[in-house]
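**Student:** what's the 3D shape of this:
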Amino acid sequence: MRKALHILAMAWQSITAHLARSLLMMLGVTIGVAAVIALVSAGNGASAQVTQRIESLGANLLFINPGPGVQLTIADAALVPRVTPLVTAAMPVINSSGQLVYGGTAQGAPITGVDQLWPTLRNASVARGRFISSRDVAQDAFVTDIGANVAATVFGGLDPLGQRVRLAGSTFTVIGVMAPKGAAYGQNQDNVVFIPVTTAEILLQTDQISAIDARVRAPQDASYVADTLTRYYTVLYQGDAQAVQVSSEDALLQTVQSNRRTFTYLLGGTATISLIVGGIGIMNIMLVSVSERTREIGLRKAVGAKVGDVLGQFLAEAVALSATGGLLGVALGLSGAGSVARLAGWHDVVLPSTVLIALGFSLLVGVVFGAYPAARAAHLDPIDALRRD
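**Tutor:** Residues are numbered from 1 along each chain as shown. A predicted model of the protein is given here:
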């Protein structure tokens, strides 16, 4: 133990004696460790945010989307629960866009035609007023619920409830303001304007819907129901398995997790290159150090130092350099991960395993790239070493 501490003390003394050179040697490892932590954490943060948004869509959901050239109608949505009793509700959806005008203020907004099931299926709520009812749908009522951002932008401090607005060229009455929900499924729900799906058909002069949202009885039923509906539509459209796409919330989450792993490996591999480059730098400078200290090595071996002593000294220097660079990289990486998270607007997701792997790899770099210079120093012939200038 005392011998190991003595070797570490000598290694540290050698590092501090050439501080500028030592810092340059550590730079590659520091950048590599920082890049691994920051980039992998950024990937984890992005994945966590997408997962949260998918989960915010609602529970036990299936998404039924027509393929190119396929037209689904409100009647098709009503048929879904009849295909399998495991579907407890199905809602037609029409997606469009237009301008909402009130007074002298106009706001472009996505228009979503839905029925009274939207709050239940999509885990949404109304902050003020009420949501579209089954009666509104049956009567093709020109009423609308507006997102929180639309209400703030168009009406400012005014109460939107009961106000008449122009939407896509027609007059609507505002009956509700949605509670803030944020982005979900590629769209910020706070910017959306909701109208009855039947009214959307009149407004757009079409009976074609954009999608069907369906809710299954339990989470474990989602995959089975998705397969059942896919087979149903394949038969209905004469063997075309791509005519109607049926996906579950679980399938979306699995896709996100798969993409996250690929993204993490890609970013981690890219950052690891910096660590390898840093290791090459350490090996290069350590070889220079061995050449400069040839007489010192010869003198030590002449007075009784063994091969293991010299090997341990130079290997300890390489590991100490990489370890110090790794610790600096951890601090820099944690700071960088926090900065990226704040700029991107998501939570900072730094896994302890990422830090430990990055730090452990930096130590491995020190051992691997320090081994050759250390072995070269340890096997110098003391007589030849003492003869050198």
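**Student:** What segments of this structure are helices?
**Tutor:** Assigned by DSSP state H, the chain shows helices spanning 2-17, 19-55, 74-83, 118-121, 134-138, 148-150, 197-204, 222-236, 249-292, 294-302, 307-344, 352-378, 382-387.
**Student:** so where's the stretch 151-300 of the chain shaky on pLDDT?
**Tutor:** For the stretch 151-300 of the chain, the stretches with pLDDT under 70 are 183-187, 249-261, 263-264, 267-268, 270-271, 289-300.
**Student:** which helices and strands does the biggest strand by length in the chain pack with?
**Tutor:** The longest strand of the chain (DSSP state E) is strand 87-102. When contacts are defined as 3 or more C-beta pairs under 8 Å, 6 or more residues apart in numbering; DSSP states H and E, strand 87-102 sits against helix 74-83, strand 105-114, helix 118-121, strand 164-167, helix 197-204, strand 211-216. Where C-beta positions appear, they are placed from N, C-alpha and C, glycine not excepted.
**Student:** same question for that strand, mean pLDDT?
**Tutor:** Averaging pLDDT along strand 87-102 gives 92.
**Student:** who's in contact with G279?
**Tutor:** G28, V29, S322, V365, G366, V368, F369 (C-beta atoms under 8 Å, 6 or more residues apart in numbering).
**Student:** Now do the contacts for the nearest residue to the third one once chain neighbours are set aside.
**Tutor:** What it means is S322. Once flanking residues are discounted, S322 sits nearest to G366: 2.9 Å by C-beta to C-beta, 6 or more residues apart in numbering. Neighbour list for G366: V29, G279, I282, A318, V319, A320, L321, S322, A323 [criterion: C-beta under 8 Å, 6+ apart].
**Student:** For L27, see how far away the third one is.
**Tutor:** Taking C-beta to C-beta, to the nearest Å as the measure, I282 and L27 are separated by 10 Å.
**Student:** out of these two, which sits in the more crowded spot?
**Tutor:** Taking other C-beta atoms under 10 Å, I282 and L27 do not tie; I282 has more neighbours (26 against 17).
**Student:** Can you give the contact residues for stretch 84-94?
**Tutor:** 62, 72-74, 76-78, 80-81, 112-115, 117-118, 120-121, 197, 200-201, 204, 206, 208-217, 221, 224-225, 228-229.
**Student:** Can you give me the distance of V114 to V349?
**Tutor:** Distance from V114 to V349, counting by C-beta to C-beta: 33 Å.
**Student:** out of the two, which sits in the more crowded spot?
**Tutor:** The residue with more neighbours, out of V114 and V349, is V114; 26 against 18, by other C-beta under 10 Å.
**Student:** Now do the more buried one against R215, distance only.
**Tutor:** 14 Å.
**Student:** among the contacts of G366, which two are most distant?
**Tutor:** G279 and A320 (14.0 Å; C-beta to C-beta).
**Student:** buried residues in the longest strand of the chain?
**Tutor:** When neighbours are counted by 16 or more other C-beta atoms under 10 Å, the buried residues of strand 87-102 are found to be V87, A89, A90, M91, P92, V93, I94, S96, G98, L100, V101, Y102.
**Student:** N65 and Q242, how far apart?
**Tutor:** Going from N65 to Q242 by C-beta to C-beta gives 11 Å.
**Student:** Also L79?
**Tutor:** From L79 across to Q242, the span is 20 Å (C-beta to C-beta).
**Student:** wait, isn't K181 in contact with A127?
**Tutor:** No. Assessed by C-beta atoms under 8 Å, K181 is found out of contact with A127, at 10.2 Å.
**Student:** Could I get the contacting residues of the spatially closest residue to G333 that is not a sequence neighbour?
**Tutor:** Closest residue in space to G333, ignoring its immediate chain neighbours: I37 at 2.9 Å, by C-beta to C-beta, 6+ apart. Going by C-beta under 8 Å, 6+ apart, I37 touches G329, V330, G333, L334, G336, A337, V350, T354, V355, A358.
**Student:** try 6 Å
**Tutor:** G333, T354, A358 (C-beta atoms under 6 Å, 6 or more residues apart in numbering).
**Student:** Pull the contacting residues for the first one.
**Tutor:** G333 makes contacts with A34, I37, A38, as judged by C-beta under 6 Å, 6+ apart.
**Student:** Between those residues, which sits nearest S274?
**Tutor:** Set against S274, the nearest of the contacts of G333 by C-beta to C-beta is A34 (8.6 Å).
**Student:** Local confidence estimate at the closest one?
**Tutor:** Reported pLDDT for A34: 83.
**Student:** And it, how far from M26?
**Tutor:** Note on A34: its distance to M26, by C-beta to C-beta, is 12 Å.
**Student:** ok, now S322?
**Tutor:** 7 Å.
**Student:** Neighbour count: these two, which is higher?
**Tutor:** S322 (33 against 26).
**Student:** tell me the contacts of the more buried one?
**Tutor:** Contact analysis of S322 by C-beta under 6 Å, 6+ apart lists V29, S362, V365, G366.
**Student:** Can you give me every residue that contacts the nearest residue to the second one once chain neighbours are set aside?
**Tutor:** Put plainly, it is S362. Leaving aside its sequence neighbours, S362 sits nearest to G326 (C-beta to C-beta, 6+ apart; 3.2 Å). Listed by C-beta under 6 Å, 6+ apart, the contact set of G326 reads V29, V33, L359, S362.
**Student:** Now flag whichever of these is closest to T173.
**Tutor:** Taking those together and measuring to T173 by C-beta to C-beta, the closest member is V33, at 59.7 Å.
**Student:** That closest one: how many residues sit nearby?
**Tutor:** Neighbour number of V33 under other C-beta under 10 Å is 32.
**Student:** now it: how far from S274?
**Tutor:** Note on V33: its distance to S274, by C-beta to C-beta, is 8 Å.
**Student:** likewise I74?
**Tutor:** 56 Å.
**Student:** what about stretch 139-152, how long is it end to end?
**Tutor:** The straight-line separation of the ends of stretch 139-152 (C-alpha to C-alpha, to the nearest Å) is 29 Å.
**Student:** Contacts for that stretch, please.
**Tutor:** Stretch 139-152 is contacted by residues 107, 109, 131, 136, 160, 172-178, 180, 190-196, 198-199, 202 when judged by C-beta under 6 Å, 6+ apart.
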